[in-house]
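> okay, sequence plus prediction incoming.
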Amino acid sequence: MAEFGVDSVCLDVETIYLGGKEHIVRTGSGSVSVIIYGDPEKPALITYPDLALNHMSCFQGLFFCPEAAALLLHNFCVYHISPPGHELGAAAICDDDPVPSVDDLADQILEVLNYFRVGAVMCMGVMAGAYILTLFAMKYRERVVGLILVSPLCKSPSWTEWLCNKVMSNLLYYYGMCGLLKECLLYRYFSKEVRGSAEVPESDIVQACRRLLDERQSTNVLRFLQAIDRRPDLTAGLRKLKCRTLIFVGDNSPFHLEALHMIAKLDRRYSALVEVQCCGSIVTEEQPQAMLTSMEYFLMGYGLHRPSQFTGSPRSPLSPTCIAPELLSPESMGLKLKPIKTRISSQRYH
């Protein structure tokens with residue numbers, strides 16, 4: 001386990017993100033942007049986005065949904081962790097800096113948690129971010145109480161993904177964040193229903209994502225892509241993963257089969273899958289309301305509830321029959337588990 005050392009530094013950036021505050025934490029594998037929302041005394045929820053995204057383009061739809069915001073912000077202090085160089089206004093990372101591996105990125109998360117003196121956390125990740133958080137949970141099991149994964153990756157790249165990654169790598173290297181690269185990324189993120197066509201215009205979320213992609217530094221995106229493209233297969237370790245896991249995947253996601261593979265390998269006593277119809281990979285942006293009912297049941301297992309002013313059921317298009325039966329099981333929901341404890345004493349890191 002990495003130690004909390006004097007090399008870590010927090011820089012409070014003046015930019016405020018709807019009540020959140022950005023901190024830059026220097027780690028052994030480079031600096032990481034962390035934007036914190038909420039009361040640090042509450043249990044911690046960390047998020048990690050997909051390739052070329054950050055919390056604004058990957059989780060904003062979910063946290064702008066009133067019921068989801070009430071559920072999550074009432075119960076958690078949220079730590080939005082960006083991949084190196086993916087935060088808003090990031091400068092290009094020096095070419096001389098070594099490209100981090102997925103293990104390095106998982107270890108960065110540990111250093112971030114140690115810096116803020118946060119203990120066991122709830123994790124929420126999307127695609128590549130879901131892979132990083134799953135790897136983190138495997139390496140540091142005592143630091144993760146649960147995983148909420150959206151269209152997760154868990155295997156080594158398939159031939160199709162490898163070819164797509166190769167095309168994107170060449171585009172990033174030679175042309176930067178060009179139009180064709182953005183089309184590849186939007187195909188990765190969203191269903192055709194919201195990407196639009198010659199007859200149907202792009203949806204607002206796709207247009208917003210396209211504008212945010214313009215702000216990314218191509219060299220920084222390439223570094224994260226190289227790390228993800230070299231990722232090892234996690235399948236062998238999934239059965240040993242004992243933290244409770246809730247997986248969402250859009251049925252139009254390019255990684256739909258990967259999510260099905262992952263749920264088949266996880267211990268069914270601790271895991272559940274929710275497939276969202278007519279949705280791409282980033283369910284948090286495309287259909288965030290489809291996550292509400294399942295997340296509420298999932299978090300009930302930890303004794304967490306929405307505040308009393310939200311007494312009705314979440315407005316979710318999912319019917320109870322669409323939710324995996326094991327998710328609704330009181331035993332599987334972990335109703336006997338103790339409440340999450342996330343604060344740890346500073347003495348552990350000296």
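Happy to help now that I have it.
> so residue 157 makes contact with residue 231?
Yes: counting by CB atoms under 8 Å, residue 157 does reach residue 231; the two are 7.3 Å apart. Yep, even glycine has a C-beta here, placed from its N, CA and C like the rest.
> which residues of the stretch 201-350 of the chain fall in strands?
Here the stretch 201-350 of the chain has its strands, by DSSP state E, counting those that start in this stretch, at 244-250, 271-276.
> between the first one and strand 271-276, how big is the angle?
An angle of 20 degrees separates the directions of strand 244-250 and strand 271-276 when computed by axes from the mean of the first three to the mean of the last three CA atoms, to 10 degrees.
> what lies in contact with strand 244-250?
145-152, 191, 255-256, 259-260, 262-263, 266, 270-276, 278-283, 286-287, 290-291, 294-295, 298, 301, 327, 334 (CB atoms under 8 Å, 6 or more residues apart in numbering).
> can you flag the buried ones in those?
By neighbour count, with 16 or more other CB atoms under 10 Å, the contacts of strand 244-250 hold 145-152, 191, 255-256, 259, 262-263, 266, 270-276, 279-283, 286-287, 290-291, 294-295, 298, 301, 327, 334 as buried.
> tell me which of those residues fall in helices.
256, 259, 262, 263, 283, 286, 294, 295, 298, 327 (DSSP state H).
> CSV for these, including distance to residue 93 and pLDDT?
As requested, those are arranged in CSV below (distance: CB to CB, whole Å; pLDDT from 0 to 100):
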residue, distance to residue 93, pLDDT
256, 32, 97
259, 31, 97
262, 30, 98
263, 35, 97
283, 29, 98
286, 30, 97
294, 37, 95
295, 34, 96
298, 36, 96
327, 40, 46
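> now this structure, which segments are flagged as low pLDDT?
Within the chain, the ranges that satisfy pLDDT under 70 run 1-19, 308-350.
> hmm, try it at 90
For the chain, the stretches flagged by pLDDT under 90 are 1-20, 196-200, 242, 305-350.
> in it, which residue sits furthest out from the middle?
Using CA atoms, centre = their mean, the residue of the chain lying farthest from its centre is residue 199. It sits 32.8 Å away.
> need the three-state assignment for it.
Three-state assignment for residue 199 (DSSP: H, G, I helix; E, B strand; the rest coil): coil.
> the longest helix in this protein is where?
Max-length helix for the chain by DSSP H is helix 159-175.
> what's the angle between that helix and helix 256-265?
Going by the same axes, to 10 degrees, helix 159-175 makes 130 degrees with helix 256-265.
> what element comes up after helix 159-175 heading to the C-terminus?
helix 179-189 (DSSP states H and E).
> got the buried residues for that following helix?
181, 182, 184, 185, 186, 188, 189.
> next: stretch 170-180.
Applying 16+ other CB under 10 Å to stretch 170-180 flags 171, 172, 177 as buried.
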